[in-house]
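*Asks:* I would like to see how this sequence folds:
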Amino acid sequence: MSTEPSEGPSRGPSSASGVAVARKPHSGWRGRLHTTLDLIRANPTGRVALKIFIGIAGAIVVTVGVALIPLPGPGWLLVIAGLGIWAVEFHWARRLLGFTRRHVHAWTRWVTSRSLPVRLALGAVGLVFVLVVVWLSLKYSLGIDLVARVMRYLATH
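*Replies:* A predicted model of the protein is given here:
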């Protein structure tokens, strides 16, 4: 009985010597996903179709995220999610996602190491930024000037 990994799409990448290296098996839904992706990649047509599908799906999610960045909500989260979708098939996206993760973790560590007044000031600056972006978005895209309406209301009451 051989302990060699089985032939087929479940084998991992080749090492520098050309000998196949077994990939650590995943359990649960991740294992099923990896197996499915490996089976799709085993067929040249499937490989191209998968790249096209992943490219389009990632582009849609990133585009929606970029459109939502100026508004309060999950804009950046969607951009990062789209990058994660692209990272399934594209090496450049995997590297960019790693870069993003490192910098978000560094920023989070830096902010959490600051005192409470500094964190509150950072939160206040972020809140003011979001409010200004929402005000400008409403004013120039929908023609609703909230500041003028509030000032008019205060002057008449």
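
*Asks:* show me what the longest helix seen in the chain is packed up against.
*Replies:* Ranked by residue count and defined by DSSP state H, the top helix of the chain is helix 44-68. Using 3 or more CB pairs under 8 Å, 6 or more residues apart in numbering; DSSP states H and E, the elements in contact with helix 44-68 are helix 28-41, helix 75-87. The C-beta positions use only the backbone N, C-alpha and C, and glycine is treated the same way.

*Asks:* which strands or helices does the shortest one pack on?
*Replies:* If I follow you right, that is helix 75-87. Using 3+ CB pairs under 8 Å, 6+ apart, helix 75-87 is in contact with helix 44-68, helix 91-112.

*Asks:* could you check the angle helix 91-112 makes with it?
*Replies:* Orientation of helix 75-87 against helix 91-112 (axes from the mean of the first three to the mean of the last three CA atoms, to 10 degrees) gives an angle of 150 degrees.

*Asks:* ok, the first one next?
*Replies:* Going by the same axes, to 10 degrees, helix 28-41 is angled at 150 degrees with respect to helix 91-112.

*Asks:* what are the buried residues along helix 28-41?
*Replies:* Leu37 (16 or more other CB atoms under 10 Å).

*Asks:* mind saving the C-alpha coords of it as PDB?
*Replies:* What follows is helix 28-41, C-alpha atoms only, in PDB (Å, rounded to 0.1, in the frame of the first residue of the first chain):
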ATOM      1  CA  GLY A  28     -15.700  21.000   5.100                       C
ATOM      2  CA  TRP A  29     -16.800  23.600   2.500                       C
ATOM      3  CA  ARG A  30     -13.200  24.800   1.800                       C
ATOM      4  CA  GLY A  31     -12.200  21.300   0.800                       C
ATOM      5  CA  ARG A  32     -15.200  20.900  -1.500                       C
ATOM      6  CA  LEU A  33     -14.500  24.400  -3.000                       C
ATOM      7  CA  HIS A  34     -10.800  23.500  -3.600                       C
ATOM      8  CA  THR A  35     -11.700  20.200  -5.100                       C
ATOM      9  CA  THR A  36     -14.300  21.800  -7.400                       C
ATOM     10  CA  LEU A  37     -11.900  24.500  -8.500                       C
ATOM     11  CA  ASP A  38      -9.200  21.900  -9.200                       C
ATOM     12  CA  LEU A  39     -11.600  19.900 -11.300                       C
ATOM     13  CA  ILE A  40     -12.500  22.900 -13.300                       C
ATOM     14  CA  ARG A  41      -8.900  23.900 -13.800                       C
END
